[in-house]
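J.: Got a predicted model here, sequence first, then my questions.
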Amino acid sequence: MAGMDMGAHQINEDESESEFIDEDDVIDEISIDEEDLPDADVEGEDVQEDNRESDPDENSSSLDDAIHTFEGHEDTLFAVACSPVDATWVASGGGDDKAFMWRIGHATPFFELKGHTDSVVALSFSNDGLLLASGGLDGVVRIWDASTGNIIHVLDGPGGGIEWVRWHPKGHLVLAGSEDYTTWMWNADLGKCLSVYTGHCESVTCGDFTPDGKTICTGSADGSLRVWNPQTQECKLTVKGYPYHTEGLTCLSISSDSTLVVSGSTDGSVHVVNIKNGKVVGSLVGHSGSIECVGFSPSLTWVATGGMDKKLMIWELQSSSLRCTCQHEACVMRLSWSSSSQHIISASLDGIVRLWDSRSGICERVFQGHNDSIQDMVVTVDQRFILTGSDDKTAKVFEIGAF
C-alpha cells in the first residue's frame, strides 16, 4: 500500500509542475504540411528494426541451399521422380498439366512431355530406367521413352483420376490406382491392359508390387488393404475393421522380404500387417493426425512415419515401440531412408527438407530454398541429391554431401 501512495503522490506532483497555454495567449494559427515535418525519433525504433533484420523467419525466405532450381512449370509441382540408373536424370509433373524430364545441373529442360489434360500427379521410372510413366487426374497413364522424351503409349481405361503409378521390379509392367475404386496393370511395351483389380469401394489411394514381384498390395479410402495375385486377379486377402484402420488409407510401404506392409490412415493410426495371413502384427500408436508417409528401414527392423501432427517418428518394429520423435514446424509429407539406415530425410509443408540421425532423432542438416509447401520428395539413386517439388511452382535439387 505504501508503494501505491508514493506512486500517486509522484503523479500529482508531476501534474502540478506542468505548464499549459491558455487560448487567450494564442496570437496566430499556422497550418503546416505533415510532409514538411521532420521524422520523429520513436524510442526503441532502432531496436525493433534490428530485431526484424535478425528475425530468422523473415531471413529464411531469402535462403536457398539448392544447387539447381527448375522453373519450367507454371503451377504447383505434385510429383518428382529420379532415374534408377542415372542419378542426374529426373522428372517433374504439376498442376499445369505438364511433365518434364531434365538433367540436374542444366538450366533448360531436355524434354517437355505434353498430352495430359489435367494435373500430372504421379511419376515413376521403370527399374531399368528406359521408360517413364506419368499419371494424371485426367485418368490417363502415359508411357514415355526416357532417353528421347517420345510418347510410346497412352494407357486409358480408368474412369477417375490416377492416384499413383508403380513399376514391376523385374519388367515393364506398370500399375496404377484410380479414384474410380479400381487398380489397373498394363504391359507398357505393348500398351495392353493385362488386369483390372476391383473390390475397393472408394478411391485406391496407395499401392505397389511387392519387391519379389509376386504380389500386389493396394490401400483405399474405404479403410481396407487388399492383397492380390497379379496373374489371376484374385484378391487373396482383405484386411479391414478392428484392429485395423477406422478410416481411409493414405500410404503404405512393403518390407524388403515381401512379407509385411506398414500402412497409415487419416485416423492417425499406423498398422503393420503380415500379408501372408492377413494378421495385424503391430500397431504404432503415437500420432495425433493423418499419416502422410511411412517407410521401412532398408537394413534395420525399424519403421518411420510422418504426419499432419508435424512429427516424424521412428519405431522399433519387433516391439512396436517408439525410438525417437523428430519435431517439425508443419506437416511431414515425405520421408526417405539412407541405405545404411543411419539417417532419414524428411520434407515438410513448411518448405524445408531436414536430415536426421535416425538413432538419436537429432536434426543434422536443414535444406531451405522453397517459399511454399513441399508436395513431393525423392532421393537420387546414388544418394547424393534430394529432389523436391513445391507449391511455389519450382523443383529444387539439394546436394547431401557426406551422408
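T.: Thanks, I have it.

J.: which residue is nearest the middle of this structure?
T.: residue 333 (3.0 Å; Cα atoms, centre = their mean).

J.: Wasn't that one part of a strand?
T.: Yes. Per DSSP: H, G, I helix; E, B strand; the rest coil, residue 333 lies within a strand segment.

J.: residue contacts, it?
T.: Residue 333 makes contact with 292, 293, 306, 347, 348, 349, 373, 374, 375, 376, 377, according to Cβ atoms under 8 Å, 6 or more residues apart in numbering. Using the backbone N, CA and C atoms, a C-beta is placed for each residue, glycine as well.

J.: check contacts around residue 380.
T.: 82, 87, 88, 90, 104, 386, 387.

J.: Next up, phi/psi of the fifth one, please.
T.: Per-residue torsions, residue 104: phi -60, psi 130 (degrees, to the nearest 10).

J.: ok, it touching residue 88?
T.: Yes. Residue 104 lies in contact with residue 88 (Cβ atoms under 8 Å); the separation is 4.2 Å.

J.: what is in contact with the two at once?
T.: 380, 385.

J.: Can you add neighbour count and give the contacts of residue 333 back as TSV?
T.: Formatted as TSV, those follow (neighbours: other Cβ atoms under 10 Å):
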residue	neighbour count
292	22
293	22
306	28
347	30
348	23
349	20
373	17
374	27
375	22
376	23
377	23
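
J.: Closest one to residue 76 out of those, please.
T.: Distance to residue 76 across those (Cβ to Cβ) is lowest for residue 375, with 6.5 Å.

J.: which residues touch the residue lying closest to residue 297 once chain neighbours are set aside?
T.: Excluding the flanking residues, the one nearest residue 297 by Cβ to Cβ, 6 or more residues apart in numbering is residue 341, at 4.3 Å. Contacts for residue 341 were tallied using Cβ under 8 Å, 6+ apart; they are 297, 298, 299, 300, 302, 358.

J.: Among those, the buried ones, what's the PyMOL command?
T.: Of the contacts of residue 341, the buried ones can be selected in PyMOL as follows, counting by 16 or more other Cβ atoms under 10 Å:
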select buried, resi 297+300+302+358
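
J.: about what we covered before: from the contacts of residue 333, which ones fall inside strands?
T.: Counting by DSSP state E, the part of those found in strands is 292, 293, 306, 347, 348, 374, 375, 376, 377.

J.: Let's have those in a markdown table, adding distance to residue 123 and pLDDT.
T.: Listed next are these as a markdown table, based on distance: Cβ to Cβ, whole Å; pLDDT from 0 to 100:
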| residue | distance to residue 123 | pLDDT |
| --- | --- | --- |
| 292 | 18 | 98 |
| 293 | 17 | 98 |
| 306 | 20 | 98 |
| 347 | 16 | 98 |
| 348 | 21 | 98 |
| 374 | 15 | 98 |
| 375 | 12 | 98 |
| 376 | 9 | 98 |
| 377 | 13 | 98 |
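
J.: Would you mark the buried spots in stretch 219-234?
T.: 219, 220, 221, 222, 223, 224, 225, 226, 227, 228, 230, 233.

J.: Likewise for stretch 266-282?
T.: Those would be 266, 267, 268, 269, 270, 271, 272, 273, 274, 275, 280, 282, for stretch 266-282 by 16+ other Cβ under 10 Å.

J.: Stretch 245-262 now?
T.: Result for stretch 245-262 [16+ other Cβ under 10 Å]: buried residues 245, 248-255, 258-262.

J.: Equivalent analysis for stretch 106-116, please.
T.: Here stretch 106-116 shows 109, 111, 113, 115, 116 as buried, counting by 16+ other Cβ under 10 Å.
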